[in-house]
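**Student:** For reference, the sequence and a predicted model appear below.
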Amino acid sequence: MTRVLVVDDSRFMRTVIDSALTEAGYDVETATNGADAVDAVAEHDPSVVTMDVEMPGVDGIDAVERIMATNPTVILMLSAYTERGAEATLDALERGAAGFVHKPDGSDSRNVAHLADEVVERVDELADANVSSLALARASATAHATRPERPGRRAAGSTTVSAAGSTETVTESLPRTDRRTGSRFDVPGTGVEAGTEPAASGVGDAFVSNPTIVLGASTGGPKIIERAFERLPVELDAKVLVVQHMPAGFTDRFAARLDSRSEYDVREAEDGNRLRPGEAAVAPGDRHLEIAANVGGRLRLRLDDGEPRHGVRPAIDVTMESAAERIDDPLCGVVLTGMGRDGAAGIEAVSAAGGHTVAQDEATSPVFGIPGRAIRTGRVDDVVPADRLVDTLVDVFSVEGETDD
């Protein structure tokens, strides 16, 4: 029987979630705070942890960081639907949490029954997630405590300085065991100073004019997208559209985080926006993002509150299909980790329009549904690990790598 650890300081919430998961056939353990959660993960070895964000003492964010540094585990955050809750949730995702569900707060029709159903659905989705791929979160979590904020746009990456004033480099590989398969794997060091990312290869090359990138992701995507934006060279001068399955109230904070970590100007998309080279737009929660026109190297964006596609809005397919229809400049469609089939039709459309297509590989995808479905279409040009994504984009759009097939 699959074991789930439920962590919440509210007895009522623990009881609701425990009952729902038990009824769904899960073996449930509980913990009342972040410190107990760290111990409980070591003791009970759960397949999935549901973690409240805000708790007294060791909160959910710190608990995620400690767990990912010692016993990488699939963690689902339960977040308040507030600006503070959204920021905290994104912090947890950056430290290695796989996804989140927002708690009802009276602002919409959702109630605790809806929350319980959604938690069960998400745990079903994550129970078979690739624990080995979460090993990368260990290096991220270790680096996070000493990583400085980027001092300004176009600034070079800075050296990590410890409390003692010395620089820190993470280079070792630590052995771990995938609890589902029993196989051993290494938690890799970064090979560079903690808190910095190596420059993408190919910077300094000549690039094609007016490239556009459409990135689509779901569960596990925010951290991968953030890391990609940290490395994406501004010299590429691309226009970037991001479709991350995420509810309203979170996507604006996600866009702000990408903006603070990137040399690109990133914002949440608004209806009628014009997207220029060196800029990126994030599809807002609960709205489809489409390209209405492509004039003079600028994209005019349109938001649509039409029916969800594949049960989600925004949908990757909607954005990619509109890009394939409207863009005749160099185009690349990218699908990353997540559950479901959203993105497969979009990849087919981009490929049919002569664009390049990329999918994240299974080894680094916590959930291989979205990229796996896309790969099965036979229209994916490159299957790459998460840490090779930016290098692949640089190769695709370099003049040397340009293809007309």
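**Tutor:** That came in fine, so what should we check first? What you see is a predicted model; the values in this text were computed from it and never measured.
**Student:** residues near the nearest residue to D52 once chain neighbours are set aside, how many?
**Tutor:** Using Cβ to Cβ, 6 or more residues apart in numbering and skipping the chain neighbours, the partner closest in space to D52 is D8 (4.2 Å). From N, CA and C alone the C-beta is placed, and that goes for glycine too. As a burial measure, D8 scores 26 neighbours (other Cβ atoms under 10 Å).
**Student:** Please report how far D8 lies from D18.
**Tutor:** The gap separating D8 from D18 is 9 Å, by Cβ to Cβ, to the nearest Å.
**Student:** and what of E226?
**Tutor:** E226 is 33 Å from D18, by Cβ to Cβ.
**Student:** V123: which element?
**Tutor:** Using DSSP states H and E, V123 maps to helix 112-126.
**Student:** Using the record's assignment, carve the protein into domains.
**Tutor:** Per the record, the chain has its domains at 3-129, 212-397, by automatic domain parsing.
**Student:** Where does pLDDT dip in the stretch 51-200 of the chain?
**Tutor:** Residue ranges of the stretch 51-200 of the chain with pLDDT under 70: 81-82, 105-109, 131-132, 134-200.
**Student:** If we use 50, what do you get?
**Tutor:** 137, 139-197 (pLDDT under 50).
**Student:** The stretch 201-350 of the chain: strands as residue ranges?
**Tutor:** Taking DSSP state E, counting those that start in this stretch as the criterion, the stretch 201-350 of the chain carries its strands at 212-217, 239-244, 265-268, 274-275, 279-282, 288-295, 298-304, 331-335.
**Student:** Determine how far the first one lies from the middle of the whole chain.
**Tutor:** Computed by Cα atoms, centre = their mean, to the nearest Å, the separation of strand 212-217 from the middle of its chain amounts to 12 Å.
**Student:** hmm, back to that, could you point out which of the strands of the stretch 201-350 of the chain sits nearest V396?
**Tutor:** V396 lies closest to strand 331-335 among the strands of the stretch 201-350 of the chain, at 5.4 Å (Cβ to Cβ).
**Student:** can I get the domains of the chain in JSON lines with distance to A206?
**Tutor:** Output for the domains of the chain, formatted as JSON lines (distance: least, Cβ to Cβ, whole Å):
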{"stretch": "domain 3-129", "distance to A206": "34"}
{"stretch": "domain 212-397", "distance to A206": "9"}
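**Student:** any idea how far E87 is from R253?
**Tutor:** Taking Cβ to Cβ as the measure, E87 falls 6 Å from R253.
**Student:** Is it possible to get TSV of the strands of the stretch 201-350 of the chain that adds mean pLDDT?
**Tutor:** Shown next, in TSV, are the strands of the stretch 201-350 of the chain (pLDDT from 0 to 100):
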stretch	mean pLDDT
strand 212-217	98
strand 239-244	98
strand 265-268	98
strand 274-275	98
strand 279-282	98
strand 288-295	96
strand 298-304	97
strand 331-335	98
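**Student:** A374 falls within a strand, correct?
**Tutor:** No. Judged by DSSP: H, G, I helix; E, B strand; the rest coil, A374 forms no part of a strand; its state is helix.
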